[in-house]
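Engineer: Just to be clear, the model below is a prediction. Sequence and coordinates:
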Amino acid sequence: EAQVTQNPRYLITVTGKKLTVTCSQNMNHEYMSWYRQDPGLGLRQIYYSMNVEVTDKGDVPEGYKVSRKEKRNFPLILESPSPNQTSLYFCASSPMGRERAQPQHFGDGTRLSIL
Amino acid sequence: GDSVTQMEGPVTLSEEAFLTINCTYTATGYPSLFWYVQYPGEGLQLLLKATKADDKGSNKGFEATYRKETTSFHLEKGSVQVSDSAVYFCALSLTSGTYKYIFGTGTRLKVLA
């Protein structure tokens, strides 16, 4: 089954304790992306990657890191989490269209609470 | 900068009513446009898309037309069902110079039996 898998689904942690949210896709997609969803703000893109070793900032990259060492994986790293990073996070992937963007496939989300 | 503006919700309709959710955008170049739907506790799913002016995307009775002259991509459905209750997101993707995706704030739809 084609899917984007995020782990963990839920996490409560404390300020300053480094954490990683993993994302894996089995569709051989080139494009992967992380979003955060907050009430009244919709989805905002954090980082995206167009292929292995190619990453770029979205609209809200501060406080986050990513890496793309393998095509299928795109982990999101919070080196020193703070309460304002409490949010619902989504990973997504898509093939790279030749000229036009392709629809994204989303994971089920990770709810992070930073105390 | 590039942006997507959606009508604020929530939108509450009776079953079989006509639905319109407005979406307008600001973007450089020629973006692709999407509508995604999010059911409670789930990730987003693609509902429909359009990649150039005057394209009409359609799926499950929903339709939206890419209007370049009014920079709009309004979502419509002729007769909603209770099962359509969800949050709907309009989005655009830039494909020249950057591959950013930009989403609207979402519109919650509640359909009453």
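Structural biologist: Looks like it arrived, so ask away.
Engineer: Only alpha carbons, please: show stretch A:33-41 as PDB.
Structural biologist: Extracted in PDB, the C-alpha atoms of stretch A:33-41 (Å, rounded to 0.1, in the frame of the first residue of the first chain):
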ATOM      1  CA  SER A  33       8.000  18.300   2.700                       C
ATOM      2  CA  TRP A  34       7.100  19.100   6.300                       C
ATOM      3  CA  TYR A  35       4.300  21.300   7.400                       C
ATOM      4  CA  ARG A  36       2.900  22.500  10.700                       C
ATOM      5  CA  GLN A  37      -0.800  23.000  11.200                       C
ATOM      6  CA  ASP A  38      -2.000  25.600  13.700                       C
ATOM      7  CA  PRO A  39      -5.600  26.900  14.300                       C
ATOM      8  CA  GLY A  40      -6.400  29.900  12.200                       C
ATOM      9  CA  LEU A  41      -3.100  29.600  10.200                       C
END
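Engineer: Residue B:51 is in contact with residue B:32, isn't it?
Structural biologist: Yes. Here residue B:51 reaches residue B:32: they are 4.7 Å apart, a contact under CB atoms under 8 Å. In this view, the C-beta of every residue, glycine as well, is placed from N, C-alpha and C.
Engineer: what about these two, which has more around it?
Structural biologist: residue B:32 (23 against 19; other CB atoms under 10 Å in any protein chain shown).
Engineer: Please pull out the lowest mean pLDDT helix or strand from chain B.
Structural biologist: Least confident helix or strand, chain B: strand B:101-103 with a mean of 91, by mean pLDDT, DSSP states H and E.
Engineer: where are the low-confidence patches of the chain?
Structural biologist: Just going to use chain A. For chain A, the stretches with pLDDT under 70 are A:98-101.
Engineer: Chain B was what I was after
Structural biologist: Within chain B, the stretches with pLDDT under 70 are B:95-97.
Engineer: how about the residues of it near chain A?
Structural biologist: B:6, B:31-32, B:34, B:36, B:41-46, B:49, B:51-52, B:89, B:91, B:93-95, B:98-106 (CB under 8 Å from any CB of the partner chain).
Engineer: what's the helix or strand for the residue nearest to the spatial centre of chain A?
Structural biologist: The residue lying closest to the centre of chain A (CA atoms, centre = their mean) is residue A:34, at 2.6 Å. Taking DSSP states H and E as the criterion, residue A:34 maps to strand A:31-38.
Engineer: Figure out how far stretch B:62-76 is from the centre of its chain.
Structural biologist: Centroid separation for stretch B:62-76 versus its chain: 9 Å, with CA atoms, centre = their mean, to the nearest Å.
Engineer: Ok, stretch A:18-30 next?
Structural biologist: 8 Å.
Engineer: Let me know whether that stretch sits next to chain B.
Structural biologist: No. Judged by CB under 8 Å from any CB, stretch A:18-30 stays clear of chain B, getting no closer than 9.9 Å.
Engineer: mind listing what's buried in that stretch?
Structural biologist: For stretch A:18-30, burial by neighbour count (16 or more other CB atoms under 10 Å in any protein chain shown) applies to A:19, A:21, A:23, A:24, A:25, A:29, A:30.
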